[in-house]
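# here is a sequence with its predicted model. Questions after.
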Amino acid sequence: MDKTVSGIDDPVSIRTQFAVYGIGTFNTSVFQIGAVIIPLHAYTMNPSPFMFGLVFAAAHVLPLLFSIHAGGLMDRLGARRVMLWCTLATALLPLIYPATVWIWALIVLQAFLGFFETLGWLGAQTMIGQYMHGKTLYAGRLSFAIRISQFIAPPMAGVTWDYFGTWPAFILMGIWAAGGYFCALLLPHHPSESGRGEPTMSGRGRFGRLMPRASDYITAFGLLASPAIVLIVILGALMHTGNAVQGSFYVAWLKEMGIAGTAIGLLAPASAIGAAIFSLMTAWLHRYISGFWIVLVSLWLGVVLICITPLLGTYLLLQIAMFLRSGMNGLAQPLVITLVLRGAGRNNQGKAVGLRGTANRVASVISPLAMGAIAELAGLEMAFYIIGIIVSAVMAWLAIYLWRNPAIASEGED
């Protein structure tokens, strides 16, 4: 019988924790690897700033449309079954990238990889609720675990790109993503770990159960009747605005500064260290400060730290800023996950995560497109500043709202 983690209510087996953390780790590290080598691959095609932004916006179109549907599938069919298929697709799609020499082909490929990679991450969050009782402690461990591969994967991808070329870099990405599939195989067939199987897929209703349902979308958007869920969904979307900037024009700016792929990849360890350290502080800090205030302040600082990039003229300052930025995201992330899970109730956790994923994709689609348009009109440097000012204004409005509604700040406590 699997060992369990003691010292908390409803302990979860080591095997289940390893599987959930592994799925989150490998899927998010696919994004981190892609943040190094996909911009470099797109850069070789000499796209305009707007088309460059479109490459990264495309990765969020399908998640925007189908995150709620995927969450509904996880609620009905179990996260394990959905994870097996999406992690397998995430491992295979990177092998196609080196064959793309046309910008529109890259955009289409980005759409599909972005969808399956996002589903893996949404699944890991959903399983915090389905398998781990929505505990901030487990969410903090997930946030810590996803940083581990950042010590290795992005730097390795940058070195592979510089010394071996495009094909080996993307093959590495595919092999790394396959780790998520093998972790999905370790998941118990039912969250209770009682041995009871997942819902069957046999009979004439098999295909119908996979199709999008209007009821899933109605239920998901109905969750927005709760001001607390609205607030955390908006805050999560703003976090992804900063992530979208980091995964697109940030690398382009570093390239213009003359920083090589290896050095760009080596920014990832600073990011990983910051996020790992701060994510383990979340549960402790949450004892003294409202989760909503922790999320709001830390996410605002995280966005500011990426938007001041043009002011950081040395590689050391870039490292320090990346450490602090990722630390702020790591501090907020466990609470972003658990606050929305608790507000949704047990039967709607997949749909709630899908709703949050939908809002995140709206931000992730709009941010690189808007930044590309601003860059064409005002230059890339000004685009960083303008995005930072816009996000800061929204954060200030949310802070005023939270200050005037203290009852919301008290929701979601452990």
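Thanks, I have the structure now.

# SS state for residue 47?
Residue 47 falls in the coil class when you classify it by DSSP: H, G, I helix; E, B strand; the rest coil.

# burial count for it?
Around residue 47 there are 17 other residues, counting by other C-beta atoms under 10 Å. Placement of C-beta: from N, CA and C, glycine included.

# quick check: it vs residue 373, distance?
Computed as C-beta to C-beta, to the nearest Å, the residue 47 to residue 373 distance reads 14 Å.

# and what of residue 321?
The gap separating residue 321 from residue 373 is 25 Å, by C-beta to C-beta.

# tell me which of these two has more neighbours.
Set side by side, residue 321 and residue 373 give different neighbour counts by other C-beta under 10 Å, the larger being at residue 321 (21 against 14).

# show me how far the helix or strand hosting that one is from its chain's centre.
Of the helices and strands defined by DSSP states H and E, residue 321 is found in helix 315-344. From the chain centre to the centre of helix 315-344 is a distance of 11 Å (C-alpha atoms, centre = their mean, to the nearest Å).

# try stretch 26-46
Put simply, stretch 26-46 sits 15 Å off its chain's centre (C-alpha atoms, centre = their mean).

# which positions in that stretch come out as buried?
26-42 (16 or more other C-beta atoms under 10 Å).

# and the next helix or strand past the helix or strand bottoming out on mean pLDDT in the chain?
Ranking every helix and strand in the chain by mean pLDDT, DSSP states H and E puts helix 206-210 at the bottom, with a mean of 58. Counting by DSSP H and E, the element after helix 206-210 in chain order, helix or strand, is helix 214-222.

# for that following helix, give the mean pLDDT please.
Computed over helix 214-222, the mean pLDDT rounds to 80.

# for it, packing partners?
Using 3 or more C-beta pairs under 8 Å, 6 or more residues apart in numbering; DSSP states H and E as the contact test, the elements touching helix 214-222 are helix 61-77, helix 349-378.

# I'd like these as TSV, with mean pLDDT and distance to residue 252 appended.
Shown next, in TSV, are the helices and strands packed on helix 214-222 (pLDDT from 0 to 100; distance: least, C-beta to C-beta, whole Å):
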stretch	mean pLDDT	distance to residue 252
helix 61-77	81	21
helix 349-378	80	9
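
# in CSV: those, plus distance to residue 149.
What follows is those, written out as CSV (distance: least, C-beta to C-beta, whole Å):
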stretch, distance to residue 149
helix 61-77, 21
helix 349-378, 21
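
# still on that earlier bit, pull out the buried residues from the helix holding residue 321.
Neighbour counts over helix 315-344 (16+ other C-beta under 10 Å) mark 318-319, 321-344 as buried.

# which helices and strands sit right next to that helix?
With contacts taken as 3+ C-beta pairs under 8 Å, 6+ apart, helix 315-344 sits against helix 103-130, helix 136-148, helix 227-246, helix 267-279, helix 282-285, helix 291-307, helix 349-378.

# of all the ones you listed, which lies closest to residue 87?
Minimum separation from residue 87 across the helices and strands packed on helix 315-344 (C-beta to C-beta) falls at helix 103-130, 5.5 Å.

# which SSE is the residue lying closest to residue 172 once chain neighbours are set aside in?
With C-beta to C-beta, 6 or more residues apart in numbering as the measure, residue 160 is the residue that lies nearest to residue 172, at 5.4 Å, once sequence neighbours are left out. The secondary structure element spanning residue 160 is helix 153-164 (assigned by DSSP H and E).

# next structured bit after that helix?
Counting by DSSP H and E, the next helix or strand C-terminal to helix 153-164 is helix 166-186.

# what about the chain, any weak spots by pLDDT?
1-10, 190-211, 247, 343-347, 409-414 (pLDDT under 70).

# again, 50 this time
Residue ranges of the chain with pLDDT under 50: 1-8, 193-197, 199-205.

# what's the spacing between residue 380 and residue 386?
Residue 380 sits 11 Å away from residue 386, going by C-beta to C-beta.

# same deal with residue 365?
Separation of residue 365 from residue 386 (C-beta to C-beta) stands at 18 Å.

# same check on residue 260?
Where residue 386 is concerned, residue 260 sits at a distance of 28 Å (C-beta to C-beta).

# next one: residue 275
Look at residue 275 and residue 386: by C-beta to C-beta, they are 26 Å apart.

# tell me which of the two has more neighbours.
More neighbours surround residue 275 than the other of residue 275 and residue 386, with 26 against 17 (other C-beta under 10 Å).

# the more buried one: what's it in contact with?
Counting by C-beta atoms under 8 Å, 6 or more residues apart in numbering, residue 275 touches 143, 144, 146, 147, 150, 326, 327, 329, 330, 333.

# got those residues as CSV, with distance to residue 298 columns?
Putting these into CSV (distance: C-beta to C-beta, whole Å) gives the following:
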residue, distance to residue 298
143, 12
144, 15
146, 17
147, 15
150, 18
326, 11
327, 8
329, 7
330, 9
333, 9
